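Chemist: Pasting the sequence and the predicted model now:
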Amino acid sequence: MGKSMTNSAAQAATGMTTEENEKLILKCRTGTMNFNDFMSMLDTMNKLGGAGSALGTVGNMLSQGNQDMEEAKLKMKNYQAILDAMTPEERENPGPFLAKGKEIRPSIERIAKDSNNEEEAIDTFILEFGTLRSLFGKLGAGDGRDFEDIAKEVRMENAVQDAEAKSRPARRALQLEQKKGDKKDKKKGKTPEWMTA
């Protein structure tokens, strides 16, 4: 099958032009996607039948257990409500949300109220976004590590972030565990094919 025919089929399936698709993949590979890109990516994957799998993978990475397709669809609908409650500037610039500073709490409260959610749901959305953004950025780096190694690293990063509010010994214990895992898991793997497109 010719490249133009493949591109036409992909465009018909996703509703995105080749340029839009390439731009989205580049932002995923470089770890620079914003909230709009996140929803575009999930919407595209959903149209291709894989968003439930992607959300399930993130949920499993965050120890939330397996998710079925219906649960993933409800989550995507809720994510859209959260994004609709954000300002255009907030959707374009996730940095303040990812920094988890006290100054962003009023925005999270407003978004929770406007999207008919609890603040915890907004925090979970931000955590899952940050996890996928980090995962894609690390996969796109092309350093030869396999998915499992990178997923383990992202899980550890999330655990360290969660421990930041805890005691200094708890943070150090998590960092030590991460370093041990890094030394033990120096296997080389392949970068997923879609990240090399």
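Modeler: Good, I have the coordinates.

Chemist: N21 - how many residues pack around it?
Modeler: Counted with other C-beta atoms under 10 Å, the neighbours of N21 add up to 18. C-beta coordinates here come from the backbone N, C-alpha and C atoms, glycine included.

Chemist: could you point out which element follows the helix or strand hosting it?
Modeler: In this structure, N21 sits in helix 18-29 according to DSSP states H and E. Under the assignment DSSP H and E, the closest C-terminal helix or strand after helix 18-29 is helix 35-47.

Chemist: quick check: angle from the helix holding N21 to helix 35-47?
Modeler: Using axes from the mean of the first three to the mean of the last three C-alpha atoms, to 10 degrees, the direction of helix 18-29 lies 110 degrees away from that of helix 35-47.

Chemist: Grab the nearest non-local neighbour of F38.
Modeler: Of all residues beyond its chain neighbours, the one nearest F38 is F129 (5.3 Å), with distances taken as C-beta to C-beta, 6 or more residues apart in numbering.

Chemist: What does the pLDDT read for that neighbour?
Modeler: The predicted local confidence for F129 comes out at a pLDDT of 90.

Chemist: Which element, helix or strand, includes it?
Modeler: When elements are assigned from DSSP H and E, F129 belongs to helix 119-140.

Chemist: next one: G144
Modeler: Counting by DSSP H and E, G144 is part of no helix or strand.

Chemist: Which element is encountered next along the chain beyond the helix or strand of the chain with the lowest mean pLDDT?
Modeler: When the helices and strands of the chain are compared on mean pLDDT, DSSP states H and E, helix 51-61 comes out lowest with a mean of 52. Counting by DSSP H and E, the next helix or strand C-terminal to helix 51-61 is helix 69-85.

Chemist: Next, the angle helix 35-47 makes with that next one.
Modeler: Computed by the same axes, to 10 degrees, the angle separating helix 69-85 from helix 35-47 equals 150 degrees.

Chemist: Tell me which residues of helix 69-85 come out buried.
Modeler: The neighbour-count criterion (16 or more other C-beta atoms under 10 Å) identifies A72, K75, M76, N78, Y79, A81, I82, L83, A85 as the buried residues of helix 69-85.

Chemist: Does anything pack onto it? Which helices or strands?
Modeler: Contact analysis of helix 69-85 by 3 or more C-beta pairs under 8 Å, 6 or more residues apart in numbering; DSSP states H and E lists helix 35-47, helix 51-61, helix 105-114, helix 119-140 as its packing neighbours.

Chemist: how far off helix 69-85 does the shortest one point, in degrees?
Modeler: Think helix 105-114. Taking the same axes, to 10 degrees, one finds that helix 105-114 is oriented at 120 degrees with respect to helix 69-85.

Chemist: again with the longest one
Modeler: Between the axes of helix 119-140 and helix 69-85, defined by the same axes, to 10 degrees, the angle is 100 degrees.

Chemist: residues of helix 119-140 that come out buried?
Modeler: Neighbour-count burial for helix 119-140, counted by 16+ other C-beta under 10 Å, picks out 121-122, 124-140.

Chemist: Likewise for the first one?
Modeler: In terms of neighbour count (16+ other C-beta under 10 Å), helix 35-47 has its buried residues at F35, N36, D37, F38, M39, S40, M41, L42, D43, T44, M45, N46.
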